[in-house]
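Undergrad: the following comprises the amino acid sequence and a computationally predicted model.
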Amino acid sequence: MKHGIGIDIGSTTAKGVLVDSTSKTLASYIMPTGSSGSQAVERIMEELRVSSKMELKGIPIISTGYGRTQVEDAEQSVTEITCHSVGVHSLHPEMRLLIDVGGQDSKVIRIGPEGRPVNFELNDKCSAGTGRFLEVMAGVLGISISELGPLALTSKTPATISSTCTVFAESEVICHIGAGKDPSDIAAGLHASMATKIASLARRVGIVRPICLTGGVALNPAFKHHLSKQLGAELWVPENPQFTGALGAAVIAIRGLNK
Amino acid sequence: MTETKKEDKAYRQLESNSLLQQIMFQYMLEGQQASEEKRLAWVTSGFPVEIPVAMGVGVSYPEQYGAVVGSQKVGPEVCGYAEEIGYSQELCSYARASIGSVEKPNASPMDGLPVPQALLACNNICGTVLRWYDAVSEQTGAPVFLLDTPPIEGEQPEHHKEYVRKGIDRLVDFLGTTFHTTLTEKRMREVADLSSRAIKLYNQSLAACKNRPSPLNCADRFLTMAPVVSMRGTDIIIDFYQTLLDEVNSRVKEGIGAIRDEKIRLLWDNIPPWHSIFRFFNGLAKRGVVFPADTYTHAWSGAIETDDLYGSVVSIYSNSYLNKGLEAKIDKMCQLIEDYDLDGFIMFSVRSCKRYSLGQLVSKEIVSERTGVPGVVIEGDMVDSRLYNEAQIQTRVDALLEMFL
């Protein structure tokens, strides 16, 4: 049986996936990218080897993500746009729109019937609308990023955060704190603000259902709630939404890019 | 050994480039001489330059100077001189480069442009030019003349033609008073004829890119357009455009492309990133990507017809597509994609040039829908490399190319 490895060196986390020819995930690993992409690759390969109990030598590797050129053993590097599209398609072939919100960029991809992207838009010049925005705001509220989403869901009267800019939104949050606003309402307002920005990016590509949400931010239940509300559509989140790029890369490692 | 190395290159340099360098050097010298003789005007790229040329006024182009600043990779420094005296980073980087170089000529490429005695602006390319030339006027003391060409939607109405025509008359008066010169019908016809001949020759070279493989790539056209922008109406450039056309025709005849292995044909929209022009286009050439057409070099395609000289000047300079609705630019892009048999397009969203970049996101969707080919918008600036993020651009362009595999 053929196998393939996908390595996604993202701005915040590095991910690796080993699949077989049925696109079934045999092993996966995620870690902070840190300062050295090549060290992350070494560690990922070791973890995939231990976890799969397989000899990985000779298995084709495709790299993706902003650090894709740092993966020396990769046969080819493919953009995260194509990899996410192929990855989601392998999990759920019906999906036609993919919204990926990562650590430092967000992207919306229209997926063609064959699983290849047919149109896309990226927000990569500004941290608003990315995981980094929520990280900064969690810091201002003095809680961890994993607590931010659940806290927001308890809000009854979300605060208004009008700024989509991370720096200005931070000032607004500080004003709300000063005014004695409940942290859950501030958190809810932040998620709604970010969802507005992503929904606008999605509308630029065109809303086509069914829609999938991936990336680290897909793990945040409040963001999913607000985005779904703004788009007026259900969002499907894969079991491991951070791995779809690496999964797509692994699938391409087996099938090639033009199939 | 050298030959082998040359053959390995993905991009084939034009032999006509040596002649291009010579005439651009001569152009620079003529600008200096005109300035010394107190008969130099700075002009915007869309100005009816045939008129000052016919009246013996020398011309220099600050926009072209901006391209030089960008190409020499000193955009952040020279634009910075303008920022130091209070101009915003949001202002057009051509404007900042020229204001900055007037402020600190000795710290700028070629010691800045020669000192002007008049500033001739036509707002058919954008509204910024007037304020920019006003600023340079404050710096240099040279008076500004504005040829006002209000935007057109659809056909140019008669009253619009009359209005611009009156502007042309005022221009002749202004130049007459400022430079103590006159315009004769005979000389104007000679200059218009030279201008038309150069434009027609250049257009033939552009049109030859419909062939597969394309004889010219984007950077070739951006470099070879320089004389038709800055020296329209002079006889010195006719030889160059004939030599270029001969080389282009010979490439077509022998099946030689601008790049070694043409696989994907794309359209380019907007001014190029001058600071990275070779790195960007030659990098893509290595991957078999050629750009047989672009919206920018095709903007200098209007030839003045000599039977109705001034009517023709009015029509050409009012109808530049930046002066028309977005629909005109979309139509142009669709037409180029069809005529040049292109697989997709790249739109460069230039932070500086709001006028050219406005509406690109909407245009992208419409052009894709109409032509059925994919496109991508990349962001940056033509001169100011601080606004150009190579990794982000690479990802977008790579994703577009992956769509063709």
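TA: Sure, I can see it.
Undergrad: wait, A:Thr82 touches A:Thr244, no?
TA: No: A:Thr82 is beyond contact range of A:Thr244, at 11.7 Å (criterion: C-beta atoms under 8 Å). C-beta: built from backbone N, CA, C; applies to glycine.
Undergrad: quick one: which of the two has more around it?
TA: A:Thr244 (30 against 27; other C-beta atoms under 10 Å in any protein chain shown).
Undergrad: that one is in contact with A:Asp100, isn't it?
TA: Yes: A:Thr244 is within contact range of A:Asp100, at 7.4 Å (criterion: C-beta under 8 Å).
Undergrad: residues in the stretch 301-405 of chain B within reach of chain A, list them.
TA: Residues of the stretch 301-405 of chain B lying near chain A by C-beta under 8 Å from any C-beta of the partner chain: B:361, B:365, B:368, B:374, B:376, B:379, B:389, B:391-392, B:395-396, B:398-399, B:402-403, B:405.
Undergrad: buried subset of those residues?
TA: B:365, B:368, B:374, B:376, B:379, B:392, B:395-396, B:398-399, B:402-403 (16 or more other C-beta atoms under 10 Å in any protein chain shown).
Undergrad: mind picking the lowest-pLDDT entry from these?
TA: Across those, the smallest pLDDT goes to B:Gln392, namely 88.
Undergrad: and the gap between that one and A:Thr82?
TA: 16 Å (C-beta to C-beta, to the nearest Å).
Undergrad: cool, and B:Ser214?
TA: Counting by C-beta to C-beta, the gap from B:Ser214 to A:Thr82 is 26 Å.
Undergrad: hey, where'd the strands end up in the stretch 201-350 of chain B?
TA: B:264-269, B:289-294, B:344-350 (DSSP state E, counting those that start in this stretch).
Undergrad: mind putting those in CSV, mean pLDDT included?
TA: Listed next are these as CSV, based on pLDDT from 0 to 100:
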stretch, mean pLDDT
strand B:264-269, 98
strand B:289-294, 98
strand B:344-350, 97
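Undergrad: redo the ones you listed as a markdown table? Include mean neighbour count.
TA: Converted to a markdown table, the strands of the stretch 201-350 of chain B look like this (neighbours: other C-beta atoms under 10 Å in any protein chain shown):
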| stretch | mean neighbour count |
| --- | --- |
| strand B:264-269 | 24 |
| strand B:289-294 | 28 |
| strand B:344-350 | 24 |
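Undergrad: chain B contacts on the stretch 1-150 of chain A?
TA: Counting by C-beta under 8 Å from any C-beta, the stretch 1-150 of chain A sits next to chain B at A:66, A:78-82, A:116-120, A:122, A:124-125.
Undergrad: inside helices: which ones of those?
TA: Within these, residues falling in helices by DSSP state H are A:80-82.
Undergrad: could those residues go into CSV alongside pLDDT?
TA: Converted to CSV, these look like this (pLDDT from 0 to 100):
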residue, pLDDT
A:Glu80, 95
A:Ile81, 96
A:Thr82, 97
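Undergrad: just the closest of those residues to A:Met137, please.
TA: Using C-beta to C-beta, A:Glu80 comes nearest to A:Met137 of these, at 24.7 Å.
Undergrad: would you agree the closest one is in contact with A:Gly245?
TA: Yes: A:Glu80 is within contact range of A:Gly245, at 4.8 Å (criterion: C-beta under 8 Å).
Undergrad: so what sits against both of those two?
TA: A:8, A:10, A:64-65, A:100 (C-beta atoms under 8 Å, 6 or more residues apart in numbering or on different chains).
Undergrad: switch these over to CSV; also include pLDDT.
TA: Converted to CSV, those look like this (pLDDT from 0 to 100):
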residue, pLDDT
A:Asp8, 97
A:Gly10, 90
A:Thr64, 97
A:Gly65, 93
A:Asp100, 96
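Undergrad: from those residues, which single one is nearest B:Arg39?
TA: A:Gly65 (58.7 Å).
Undergrad: that closest one: neighbouring residues, count only.
TA: A:Gly65: 29 neighbours (other C-beta under 10 Å).
Undergrad: residues contacting it?
TA: Per C-beta under 8 Å, 6+ apart, neighbours of A:Gly65: A:7-11, A:14, A:80, A:245.
Undergrad: next, give me the two most distant ones among those.
TA: Taking every pair in these and measuring C-beta to C-beta, the maximum separation is 14.6 Å, between A:Ile7 and A:Ser11.
Undergrad: which one of these two has more residues nearby?
TA: Taking neighbours as other C-beta under 10 Å, A:Ile7 and A:Ser11 compare with A:Ile7 leading, 32 against 17.
Undergrad: what does that one show for phi and psi?
TA: phi -120, psi 120 (degrees, to the nearest 10).
Undergrad: and the closest residue to chain A within the stretch 151-300 of chain B, its phi and psi?
TA: For the stretch 151-300 of chain B and chain A, the shortest gap (C-beta to the nearest C-beta) falls at B:Arg287, measuring 12.4 Å. For B:Arg287, the backbone dihedrals (degrees, to the nearest 10) come out as phi -100, psi 10.
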